[in-house]
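Visitor: Kindly return the folded structure for what I paste below:
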Amino acid sequence: MRVRWIIAATGALGLALVTVYIPKPWTPRPRAALGAACPANAKDANLNFTLKDMNGRDFRLADYKGKVILLDFWATWCGPCKYEIPGFVELQDQYGSQGLQVVGVSVDDTADKLPPFVKEFKMNYPVLVGLGRDDVQEAYGPIWGIPVNVLISRDGKICARHTGLPPAESGSVSIQQAVKDAFEAEIRTLLEAPSKSPAA
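Guide: Sure thing, here's the model as predicted:
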């Protein structure tokens, strides 16, 4: 009898832990909010960080102010992240010349693990080492689960923040296509928004 209680208690604890660490579902912004490009009360994005890329070179987020930035917090072992990346590659290809910059921040990988992954997924945007950089995660977090994606406007405002994958209706499109479609809608709105002069 005691063994059954121990098993039940262990199971309940495991379920509780899983529940705590499951990211909240991806929530698309309402169409009305999309029309406004960025919420009126959007906070400033802290771009004053320098990180190393996978080749050991310094990378300054502030260098991309004036572009629409899609900041992706991910890791090589993260299953949902692997569904997102092909869509991000397509979006960078399609909208890079119009002012989009995708930036990947690997939160749990050493630099040596990144090049094979980048090659396999044909990643065409900067991939940075975020391991040990709690300051960056705190600036855009809290990050309790990945992927976490932050959309930043040309004038440096956090316009949207998503955790996990966007929903895909069963049988309608692939998860990869659902990711691309969901982000493309927000990115196009930000790219088409009237430019504002960044604060000095």
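Visitor: what's near enough to touch S153?
Guide: A37, C38, A42, V68, C159, L190, A193 (CB atoms under 8 Å, 6 or more residues apart in numbering). (Glycine included, C-beta is placed from N, CA and C.)
Visitor: Please flag which of these sit within helices.
Guide: L190 (DSSP state H).
Visitor: so which pair among the contacts of S153 is furthest apart in space?
Guide: Between any two of the contacts of S153, the greatest separation by CB to CB is 13.1 Å, found for A42 and V68.
Visitor: ok, those two, which is more surrounded?
Guide: Taking other CB atoms under 10 Å, A42 and V68 do not tie; V68 has more neighbours (25 against 17).
Visitor: Let me know the distance separating R60 from A45.
Guide: To A45, R60 is 13 Å away according to CB to CB, to the nearest Å.
Visitor: With neighbour numbers in mind, choose between the two.
Guide: Using other CB under 10 Å, the more surrounded residue of R60 and A45 is A45, with 22 against 12.
Visitor: does the residue minimising distance to the centre of the chain count as helix, strand or coil?
Guide: Closest to where the C-alpha atoms of the chain average out (CA atoms, centre = their mean) is N149, at 2.0 Å. Secondary structure state of N149, per DSSP: H, G, I helix; E, B strand; the rest coil, is strand.
Visitor: so where's this protein uncertain?
Guide: Applying pLDDT under 70 to the chain flags the ranges 1-36, 168-173, 194-200.
Visitor: and the residue nearest to I143 when sequence neighbours are not counted, what element?
Guide: Closest residue to I143 apart from its sequence neighbours, by CB to CB, 6 or more residues apart in numbering: Q137 at 4.8 Å. In the assignment (DSSP states H and E), Q137 maps to helix 134-140.
Visitor: buried set for that helix?
Guide: V136, Q137, A139, Y140 (16 or more other CB atoms under 10 Å).
Visitor: Now for the first one: which residues touch it?
Guide: Right, V136. F49, L51, V105, G130.
Visitor: What is the burial count for the last one?
Guide: Counted with other CB under 10 Å, the burial measure for G130 works out to 23 neighbours.
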